[in-house]
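>>> Need coordinates for the following:
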Amino acid sequence: MEGVTIEGVVEHGRRLGRELGFPTANMAVPDSVGAADGVYYSRVEIDGACYDAMSNLGRNPSVGGSERHLETHIFGFGGSLYGRTLRVVLVCRIRDERRFATIEELREQLARDKEYILKLKK
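Numbers count the residues shown, from 1 in each chain. Model prediction:
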């Protein structure tokens, strides 16, 4: 896998991704990580299997976030990853992180982001 690699322990988040229909694996990320904040097409390896994913690197301005972290929605994976070390490769940045006026606008954008990523990998 190519791109910027971020490795860390999956932590409990606010479960907002799950409520939006996009459950995520959340990891703290130091400011020193050399990737720009934004939404990425990413790849994740779990137990020897590679998964396509969608990751947000940043501070979640739409929901009042302040600390930098990585949230990764893994396509086709349904197990629990809490407490496990995960390696996420940011393959391609697809857009800037931005603030949405409503949670519904955020949900709609996440659906568009996922659709775009799925088309990218074809």
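
>>> what's near enough to touch residue 34?
residue 4 (C-beta atoms under 8 Å, 6 or more residues apart in numbering). Bear in mind the C-beta positions are built from the backbone N, C-alpha and C, glycine included.

>>> in this protein, what spans have low per-residue confidence?
Counting by pLDDT under 70, the chain shows low-confidence ranges at 1-2, 15-18, 61-65, 122.

>>> just how off-centre is stretch 21-32 within its chain?
Mean-position distance between stretch 21-32 and its chain equals 6 Å (C-alpha atoms, centre = their mean, to the nearest Å).

>>> Same check on stretch 43-50?
Using C-alpha atoms, centre = their mean, the offset of stretch 43-50 from its chain centre is 15 Å.

>>> Could you do stretch 59-77 as well?
For stretch 59-77 - counting by C-alpha atoms, centre = their mean - the centre lies 6 Å from the chain centre.

>>> Strands of the chain, start to end?
4-9, 25-28, 38-46, 49-58, 69-74, 85-95 (DSSP state E).

>>> now, of those strands, which is deepest in the fold?
strand 69-74 (a mean of 24; mean count of other C-beta atoms under 10 Å).

>>> tilt between it and strand 4-9?
If you take axes from the mean of the first three to the mean of the last three C-alpha atoms, to 10 degrees, strand 69-74 sits at 100 degrees to strand 4-9.

>>> I'm done for today, thanks for sticking with me.
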